[in-house]
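1. return a 3D structure for these sequence lines:
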Amino acid sequence: MSTATDTEARDGVGISVKRPDGRLKVKGDFAYSSDLRAEGMVWGATLRSPHPSARIVRLDTSAALRLPGVVAVLTHEDVPGQSTYGMKVSDQPVLAADRVRYQGEPVALVAADHPETARRALALIDIEYEERPALTDPEDAVRGVGPLVHEARVDGKRGNVVRHVRIRHGDMERARAEAEVVVSGTYEVGMQDQAFLGPESGLAIPAEDGGVDVYVSTQWLHDDQHQMCAALGLPPEKVRLTLSGVGGAFGGREDVSVQIHAAMLALRTGRPVKMSYNREESFYGHVHRHPARMWFEHGATRDGRIVFVKARLLFDGGAYTSTSQVVIANGSYFAAGAYDVPHAEIDGFSVFTNNPPCGAMRGFGAVQSCYGVESNLDRLAGELGMDPVELRVRNAMTTGTVLPTGQAVDGPAPAAELLERLRARPLPGVGEGAFGNPGGLNNTSHGEGVRRGVGYAIGVKAIGFSGGVDDRSTARVRLVLNGGEPVAEVHTAAAECGQGIVTVQAQIVRTELGVERVVVLPADTRVGDAGSASASRITWMSGGAVRGACEALRGRVEELGEGRRPLPELLAEYGPLEAEYEYAHRRTFPVDDERGQGDAHIAFAFAAHRAVVDVDTDLGLVKVVELATAQDVGKAMNPLAVEGQIEGGSAQGLGLAVLEELRVEGGRVRNPSFTDYLIPTIADMPRVPIDLLELPHPDSPYGLNGVGEPPTLSSTPAIANALRAATGLELGRVPVRPEDIVVDTGGR
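-> Next up, the predicted model:
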């Protein structure tokens with residue numbers, strides 16, 4: 001049996017392997033969860049609240065039930081188990097009972113023989129609301145002004161503050177005495193949507209044992225199962241989930257959407273039930289990136305040594321908890337940025353409002369704080385009369401740097417090298433022709449009033465679950481004989497969300513076992529938990545589990561064959577061989593509540609960007625000419641896939657910088673469509689030159705590091721800093737809009 005130690009595996013680790021689903025997706029033949037069908041299937045639909053805050057006065061479903069073709073109408077009274085669910089705190093009603101807390105909250109369910117019949121039935125449900133005052137300003141929430149979003153909280157606390165993270169590092173009194181230059185600024189981030197391909201959808205099929213089989217696009221099968229079991233009043237063996245085709249997630253599929261509702265309807269009707277949101281409903285049906293208001297203050301010596309950072313972060317979590325308490329923690333932990341800062345005072349608040357619920361999105365809180373700290377760093381550089389890159393390099397974090405949480409960085413920390421590589425890269429030339437100018441595609445500009453700006457930023461983020469979470473991942477690998485040739489079967493619950501974990505698992509097996517034919521079985525709950533496809537952890541954790549299972553299996557093969565007999569001969573004699581392995585990373589610890597100190601993280605990832613922009617200051621038009629990036633990936637498991645992740649993350653960062661915002665006014669979403677919620681197109685994306693560093697992490701499989709989230713950290717502030725350089729305006733909010741950068745108006 002060949003292994004990674006004695007042969008270079010074909011299509012193994014480190015090779016740019018083609019995705020098995022790539023051709024199907026390009027041709028339009030890939031089966032997404034919205035394509036699922038079953039014999040006898042009916043359609044489910046959801047009645048949602050039109051109000052951000054209201055009391056339900058009357059709810060009558062009789063007219064809807066009488067509509068021909070309707071087979072079930074369910075309300076909160078029909079929830080068979082626990083009436084609430086939630087990832088971290090079970091505070092979100094399966095169906096609203098006496099009140100609603102955000103526009104779009106589910107109130108009732110319908111199942112009918114046709115989707116149009118289901119929609120007509122929703123309109124026949126007689127419901128009367130009494131609108132209540134809505135709390136929509138997060139500043140009011142943190143000050144204790146206005147109504148309580150939750151009169152009785154599940155966690156036993158009172159008030160609208162979900163969590164206050166308090167970090168105290170060093171001696172701020174001493175730091176202020178040392179600082180010769182102090183600058184401060186206020187920065188805001190709008191609400192960004194994950195904008196994934198394919199809205200929420202799934203198929204629930206009732207089973208003969210009284211349970212239900214659910215096929216759904218999700219990021220965490222076992223956590224969905226846990227929440228579903230509680231709501232359905234069923235044990236885990238009767239709630240079975242299988243991952244269906246996912247068109248992307250970026251955090252938006254971590255929270256439950258159709259899972260419980262489809263299962264309830266299937267169990268009530270005894271028929272398969274399909275639920276699939278349209279795009280407008282999808283905007284209401286999943287969490288978004290937390291909007292943020294942040295204040296940063298930096299103190300430094302005249303020669304550019306940062307002495308202290310003081311920061312206040314306020315994240316609007318919307319109506320329910322979701323992951324808000326973890327998102328604000330992550331944002332607070334990295335509010336000092338990728339720098340060696342000896343003194344820090346950081347206060348992070350996440351709050352309830354009657355705005356749409358917010359939760360996980362790529363970058364998970366560190367995106368917001370990175371924008372704030374990197375914006376204020378440029379302000380500090382200006383006050384010092386110093387080159388912004390030189391200021392960053394002079395203060396860059398290194399291995400051994402102690403974070404504001406008191407943890408020392410013990411892995412690679414190439415912050416300075418990433419910045420230096422970008423600084424050394426030649427700048428792009430001036431665009432030629434109309435296409436090269438802002439607005440040139442629409443013939444609205446021919447280069448008049450165009451100014452160029454260059455901006456830099458660097459970001460750092462923890463990889464994997466932090467703060468004492470006992471993070472584990474299970475994998476099962478099986479060797480069988482097929483047509484006289486050995487075939488390896490891999491079974492995990494790792495969710496393939498487009499990041500390529502299916503391909504990587506096969507690469508690991510080829511490398512470890514030397515078997516060319518590898519089949520990755522569909523992810524489901526028949527195997528142990530893999531954890532969430534989030535936090536840039538899935539390749540590290542599930543990759544570690546697959547590698548461990550392969551090592552155990554290889555040991556079994558060597559024991560049976562004494563290292564000499566061919567594998568086909570062994571499988572012919574002994575039959576299939578199988579090994580299961582549970583991988584766990586090193587232990588982490590929660591931070592203390594008083595000073596926010598603790599070894600909370602397993603690893604850190606760094607990425608830097610340099611943005612070059614052209615700005616038409618007469619029309620307020622922007623063209624991002626180039627968005628160069630440098631990132632340490634530890635080990636590029638699949639180099640082409642790594643580049644795709646970096647380009648995709650950079651695109652989302654560009655969107656947040658100049659295009660993307662879910663506009664919410666008075667608790668109501670004003671642009672729930674891709675007509676009005678703008679995401680970057682191919683015409684908006686610049687060249688993204690990528691410089692990969694491979695500095696092996698000492699604790700991970702193959703030395704790899706997470707790559708999915710870091711590009712979203714530094715891309716947004718790099719573009720914002722470039723826009724400031726081009727216009728001379730403060731631009732304290734993203735996304736930057738045309739009216740913000742028209743110089744004659746004074747900007748914002």
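2. rounded mean pLDDT for the helix or strand residue 128 falls within, please.
-> Remark: residue 128 resides in strand 126-131, with elements defined by DSSP states H and E. Averaging pLDDT along strand 126-131 yields 98.
3. repeat that for stretch 234-251.
-> On average, the pLDDT along stretch 234-251 is 97.
4. quick one: that stretch to chain centroid distance?
-> 17 Å (CA atoms, centre = their mean, to the nearest Å).
5. okay, buried residues for it please.
-> 234, 238-251 (16 or more other CB atoms under 10 Å). Using the backbone N, CA and C atoms, a C-beta is placed for each residue, glycine as well.
6. dump the C-alpha coordinates for the strand holding residue 128 into PDB.
-> What follows is strand 126-131, C-alpha atoms only, in PDB (Å, rounded to 0.1, in the frame of the first residue of the first chain):
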ATOM      1  CA  ASP A 126     -57.500  35.900   8.900                       C
ATOM      2  CA  ILE A 127     -55.000  37.600  11.200                       C
ATOM      3  CA  GLU A 128     -55.300  40.800  13.100                       C
ATOM      4  CA  TYR A 129     -52.300  42.600  14.500                       C
ATOM      5  CA  GLU A 130     -52.000  45.400  17.100                       C
ATOM      6  CA  GLU A 131     -48.800  47.300  16.200                       C
END
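7. tell me which other helices or strands that strand touches.
-> If contacts are counted by 3 or more CB pairs under 8 Å, 6 or more residues apart in numbering; DSSP states H and E, strand 126-131 sits against strand 54-60.
8. what packs against the next helix-or-strand element following the strand it packs on?
-> Later in the chain than strand 54-60, the nearest helix or strand by DSSP H and E is helix 62-66. Identification of packing neighbours for helix 62-66 by 3+ CB pairs under 8 Å, 6+ apart yields strand 70-74, helix 115-124.
9. all helices of the stretch 601-748 of the chain, in order?
-> 639-658, 710-727, 738-741 (DSSP state H, counting those that start in this stretch).
10. compare those helices and give me the one nearest residue 306.
-> Of all the helices of the stretch 601-748 of the chain, helix 710-727 sits nearest to residue 306, with 16.5 Å by CB to CB.
11. show me what that closest one is packed up against.
-> Helix 710-727 packs on helix 366-384, strand 450-462, strand 604-616, strand 621-632, helix 639-658, going by 3+ CB pairs under 8 Å, 6+ apart.
12. distance from the third one to the middle of the chain?
-> Same thing as strand 604-616. 20 Å.
13. for it, packing partners?
-> In terms of contacts (3+ CB pairs under 8 Å, 6+ apart), strand 604-616 is packed against helix 415-424, strand 450-462, strand 621-632, helix 639-658, helix 710-727.
14. so the residue nearest to residue 47 when sequence neighbours are not counted is in which element?
-> Distances taken as CB to CB, 6 or more residues apart in numbering put residue 108 closest to residue 47, at 4.2 Å, once the chain neighbours are dropped. Using DSSP H and E, residue 108 falls within strand 106-112.
15. helices or strands up against that strand?
-> strand 42-48, strand 54-60, strand 70-74, helix 115-124, helix 259-269.
16. closest to residue 370 out of those?
-> helix 259-269 (32.3 Å).
17. send me the closest one as CSV with only the CA atoms.
-> The C-alpha trace of helix 259-269 is given here as CSV (Å, rounded to 0.1, in the frame of the first residue of the first chain):
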residue,chain,number,x,y,z
GLN,A,259,-36.1,22.5,8.4
ILE,A,260,-38.6,22.4,11.3
HIS,A,261,-41.5,23.8,9.3
ALA,A,262,-41.2,21.3,6.5
ALA,A,263,-40.9,18.4,9.0
MET,A,264,-44.0,19.6,10.9
LEU,A,265,-46.0,19.7,7.8
ALA,A,266,-44.8,16.3,6.6
LEU,A,267,-45.6,14.7,10.0
ARG,A,268,-49.0,16.3,10.0
THR,A,269,-50.0,15.4,6.4
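18. packing partners for it?
-> Using 3+ CB pairs under 8 Å, 6+ apart: helix 259-269 touches strand 42-48, strand 70-74, strand 106-112, strand 201-206, strand 212-216, helix 221-232, strand 273-276.
19. rewinding a little: sheet partners, orientation included, of the strand holding residue 108?
-> strand 42-48 (antiparallel), strand 70-74 (antiparallel) (DSSP bridges).
20. and these as a markdown table, adding distance to residue 556, mean pLDDT and mean neighbour count?
-> Shown next, in a markdown table, are these (distance: least, CB to CB, whole Å; pLDDT from 0 to 100; neighbours: other CB atoms under 10 Å):
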| stretch | distance to residue 556 | mean pLDDT | mean neighbour count |
| --- | --- | --- | --- |
| strand 42-48 | 46 | 98 | 23 |
| strand 70-74 | 50 | 98 | 22 |
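21. related to what we said a few turns ago, what residues sit buried inside the strand holding residue 108?
-> For strand 106-112, by 16+ other CB under 10 Å, it's 106, 107, 108, 109, 110, 111, 112.
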